[in-house]
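Asker: sequence and predicted structure below; questions after.
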Amino acid sequence: MESREHAIVVGGSMAGLLAARVLTDHFAQVTLLERDTYPEGPADRPGVAQGRHLHVLWNHGLGLLEGLFPGLEQEFVERGVPDLRLPADLLWLTSQGWRKRFDGVSRLLTFSRGMLDHAVRERLFAHERLTVRTGVEVTELTASRGNRAVTGVRWRERGAHAIAQPMDADLVVDATGRSSRAPEWLAKLGRPFPDETRIDPLLGYASRRFAVPEGFDADWRALYIQAGAPLHKRTGGLFPQEDGTWICSLSGAGRDYPATTDDGFLGFARGLRHPVLYDAIKDAEPLTPIVSYRHTAGHRRHYERMKDWPAGFAAIGDSVCAFNPIYGQGMTVAARSALELGRMLAEDRTTRWYQQRAHRAGSGAWLISTGEDRRYTDTQGPPVRAHTRALNAAVDHAVRAANVDPVVCGRLIDALGLGVEPTALFRPGMLRRILGSRNVPLPDGPPPVIANPEARRRTSRADAEAR
Ligand SMILES: Cc1cc2nc3c(=O)[nH]c(=O)nc-3n(C[C@H](O)[C@H](O)[C@H](O)COP(=O)(O)OP(=O)(O)OC[C@H]3O[C@@H](n4cnc5c(N)ncnc54)[C@H](O)[C@@H]3O)c2cc1C
C-alpha cells in the first residue's frame with residue numbers, strides 16, 4: 001500500500017472495532033462509519049440484534065481481545081463478569097452424555113454483549129487517530145485504475161434520500177456483518193459475485209433474562225444442555241451475567257424454533273434432553289420479554305478465490321464467514337482476522353493475501369459448526385460427503401472421551417474455542433486416550449434442582465390443582 005494516510009472501517013460491531021484497533025497502528029487517520037448510533041452505556045442496539053442472546057468468550061478469544069486491548073480482562077473482573085471454570089462450574093449434557101466436572105481444564109467468560117462492546121468501544125474511542133461517525137450508512141465503494149483499486153466509499157446520513165457523498169481512503173474494510181452488501185459493491189466495480197457456500201440448519205434462537213430465585217442452591221453456575229442430532233434438535237443454555245442475573249437462550253434446529261410466549265418458552269425448555277434447565281427457570285422471575293433470532297444460516301463468501309480482488313479493500317468478520325452461533329466462535333474469528341489485517345500491513349502484503357488468511361482464520365469454526373449442522377436431515381446445503389460423516393463419527397468418540405478424560409476434555413475445549421485446529425483432537429496421543437476411555441462409565445445425570453423450596457412447594461400445589 002503506497003500511502004497510509006487514511007483507512008475507513010464500515011460497520012462498528014465487534015469485527016469493525018477490532019479492525020479499527022489494528023488499523024490505528026498503521027494509518028495516520030482511521031474513520032469508523034456505523035449505521036446505528038451507539039447507546040450511552042452497556043446496552044443492546046438494533047444493528048447487533050444477536051446481542052440480546054447468549055454470548056460467551058472461550059479462553060483463546062479472551063486472550064486475543066486482551067492482546068488488542070490490554071487491561072480488558074481486569075475490567076471484566078471489576079465489572080463482575082462471570083469467569084466459569086470449565087467444566088467444573090458447568091453442568092454440561094453433551095451429545096454423548098454428561099460431562100464430568102473436572103477442575104482446571106479451561107475457562108469461559110459469559111456476559112451481556114452490550115457490556116462487552118461498550119468496554120471495547122470505551123478503550124478504542126479514546127484513540128487520537130480514530131474518528132467515529134454514527135448514524136451514517138455506506139452505499140457503495142469508489143475506485144480508480146480501471147476499478148482495480150478501491151479509493152473510498154460513498155456514504156449518507158442513515159435514512160436520508162440525499163445523494164451519497166464520497167470519502168476517500170487508502171484502505172476500506174467491510175465489517176457490516178451477515179447482511180453485508182460487499183458482493184453487490186464489488187459487482188458494481190465489474191467483479192463477478194463471489195462463490196458462496198451456504199449451509200443452513202434452519203436454526204432459531206429465543207432468549208430471556210431471569211432473576212436468580214432467592215435461596216437458589218445448586219452445585220453449578222451454568223447449564224448447557226446440548227442437542228443430540230439428528231433426533232434431538234434442541235439446545236438450551238442458562239448462564240450467569242455480570243449483573244447477577246441469568247440469561248437463558250434456547251435454540252432449535254430444523255425449524256424446531258423456540259416459542260416467544262411465556263408458556264411456549266417454558267414448554268420448549270421442558271422438551272430439552274433433560275429437565276434441569278426447565279426446573280431452574282420455571283419459578284424464576286422473568287426480567288425481559290422473550291426475543292427471537294433466526295438469521296443464523298452459515299455462509300462462507302469465497303473472496304479468497306477471487307483472482308482480481310481489488311487493492312485497497314478488505315472484508316472481515318461475519319461479512320466473510322458466518323456460521324451456526326451455538327459454539328460461540330464468531331468474535332474469536334473476527335479477532336483472528338483483525339490480527340491478519342495487522343500482519344498484512346506490517347509485512348506490506350496485498351489485500352488478496354489478507355483475504356486468503358481471513359479465509360483460514362474462519363476454517364476451524366466453519367468445519368466444527370457445519371459438521372454438526374450436517375447431522376440434521378433438514379439442513380440445507382450441498383450434499384453431505386462421506387468424509388463429513390466419518391469425521392462426525394470420530395467427533396462422537398472424542399466427545400464421549402472428553403466426558404470422562406480431563407486431557408481430552410481440555411483439547412476438545414481448546415478446539416471449540418479455536419485455540420488449536422480441530423485436527424489436534426486426533427493426533428496420536430489423543431487418539432490413544434480417546435480409544436482408551438471407551439469403556440470408562442459416563443457420569444450420572446444431576447440430582448433434581450432444589451430452587452427456592454417455598455416456590456417449589458407453591459408450584460407443586462399449583463401442579464396438583466391443575467391435575
Ligand atoms: C444468536 C447469536 C449468538 C452468538 N453468540 C456468540 C458467542 O457466544 N460468542 C461469539 O464469539 N460470537 C457469537 N455470535 C457471533 C457474533 O455475534 C458475531 O460474530 C460478531 O458480532 C461479529 O460480527 P460482525 O462485527 O462481523 O457483524 P455484526 O455484529 O453483524 O455487525 C455489523 C455492523 O455493521 C453495521 N452496518 C451494517 N451495514 C452498514 C452500512 N451499510 N453502513 C454502516 N454500518 C453498517 C451494523 O449496524 C453493525 O453495527 C453469535 C451470533 C448470533 C447470531
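Answerer: Great, that's in hand. Numbering: from 1, shown residues only.

Asker: quick one: the helices in the stretch 51-200 of the chain?
Answerer: 59-68, 72-79, 113-124, 182-188 (DSSP state H, counting those that start in this stretch).

Asker: around the ligand, pick out the residues from the stretch 251-400 of the chain.
Answerer: 293, 296, 317, 318, 319, 325, 328, 329, 330, 331, 332, 334 (CB under 6 Å from any ligand atom). For every residue, glycine as well, the C-beta is placed using N, CA and C.

Asker: tell me the contacts of the residue in the stretch 51-200 of the chain positioned nearest to the ligand?
Answerer: Relative to the ligand, the nearest point of the stretch 51-200 of the chain is residue 177 (2.4 Å; CB to the nearest ligand atom). Residues in contact with residue 177 (CB atoms under 8 Å, 6 or more residues apart in numbering) are 11, 13, 15, 47, 317, 318, 319, 322.

Asker: phi, psi of it?
Answerer: When read as degrees, to the nearest 10, the backbone of residue 177 gives phi 80, psi -160.

Asker: format the helices of the stretch 51-200 of the chain as TSV; extra columns: mean neighbour count.
Answerer: What follows is these, written out as TSV (neighbours: other CB atoms under 10 Å):
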stretch	mean neighbour count
helix 59-68	19
helix 72-79	14
helix 113-124	20
helix 182-188	18
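
Asker: redo the ones you listed as TSV? Include distance to residue 446.
Answerer: Output for the helices of the stretch 51-200 of the chain, formatted as TSV (distance: least, CB to CB, whole Å):
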stretch	distance to residue 446
helix 59-68	25
helix 72-79	28
helix 113-124	28
helix 182-188	46
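
Asker: can you redo the ones you listed as CSV with distance to the ligand and mean pLDDT?
Answerer: Listed next are the helices of the stretch 51-200 of the chain as CSV, based on distance: least, CB to the nearest ligand atom, whole Å; pLDDT from 0 to 100:
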stretch, distance to the ligand, mean pLDDT
helix 59-68, 6, 98
helix 72-79, 14, 97
helix 113-124, 7, 98
helix 182-188, 9, 97
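
Asker: distance check, residue 238 against residue 375.
Answerer: Residue 238 sits 24 Å away from residue 375, going by CB to CB, to the nearest Å.

Asker: please apply the same query to residue 20.
Answerer: Where residue 375 is concerned, residue 20 sits at a distance of 38 Å (CB to CB).

Asker: now swap in residue 257 and tell me
Answerer: Where residue 375 is concerned, residue 257 sits at a distance of 18 Å (CB to CB).

Asker: can you give me the strands for the stretch 301-450 of the chain?
Answerer: Assigned by DSSP state E, counting those that start in this stretch, the stretch 301-450 of the chain shows strands spanning 313-315, 321-322.

Asker: out of those, nearest to residue 143?
Answerer: strand 313-315 (8.6 Å; CB to CB).

Asker: tell me the mean pLDDT for the closest one?
Answerer: Strand 313-315 carries an average pLDDT of 98.
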